[in-house]
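Novice: Predicted model, plus sequence, below.
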Amino acid sequence: MKKHIELLGILHLVYAGVGLLLAAFVFALLTTVGFVAHDDLTLHILTLVAVVIAAVLTVLSVPGIVAGIGLLKARPWSRPLALIVGCLHLLSFPFGTALGVYTLWVLLNDESRQLLA
């Protein structure tokens with residue numbers, strides 16, 4: 001089960017990293033479109049929308065990064081955090097759902113409880 005916990009930590013880091021990359025991409029795309037439009041109002045509105053979307057995606061990704069690092073270091077607090085993050089991922093079909101199910105399967109195992117205690 002130790003290998004599953006390590007893999008789960010890596011998967012949480014990758015999934016959260018993709019969220020951060022998506023945040024950066026959306027921010028760059030919207031601000032570029034606003035700049036190319038040559039209209040101050042459009043630039044301000046798209047920049048505001050870009051900041052809000054990037055901030056939300058970043059805030060949603062940070063717990064996954066923390067949980068992933070905690071799982072890789074076998075910290076006791078990482079198990080409940082990863083369970084919460086995994087349950088929230090269940091709503092994100094299809095990749096988040098798969099990660100959420102795998103998270104529940106790995107971390108609700110008795111051996112995982114002992115390893116992360």
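Specialist: Here it is on my side, so go on.

Novice: Could you tell me which other helices and strands the helix or strand containing V85 packs against?
Specialist: Assigned by DSSP states H and E, V85 belongs to helix 78-89. Contact here means 3 or more Cβ pairs under 8 Å, 6 or more residues apart in numbering; DSSP states H and E; on that basis helix 78-89 packs against helix 2-36, helix 40-72, helix 95-107. All C-beta spots, glycine's among them, are computed from the backbone N, C-alpha and C.

Novice: Just give the number of residues close to the closest residue to A16 other than its chain neighbours.
Specialist: Among residues not flanking A16 along the chain, G64 sits closest, at 3.2 Å (Cβ to Cβ, 6 or more residues apart in numbering). The number of residues packed near G64 is 27, by other Cβ atoms under 10 Å.

Novice: Mind listing residues that contact the helix or strand bottoming out on mean pLDDT in the chain?
Specialist: Here the helix or strand of the chain ranked lowest by mean pLDDT, DSSP states H and E is helix 110-115, holding a mean of 92. Contact with helix 110-115 is made by 1-2, 4-5, 74, 79, 106-107, as judged by Cβ atoms under 8 Å, 6 or more residues apart in numbering.

Novice: again, only this time at 10 Å
Specialist: Helix 110-115 has contacts (Cβ atoms under 10 Å, 6 or more residues apart in numbering) with 1-2, 4-5, 8, 71, 74, 76, 79, 82, 105-107, 109.
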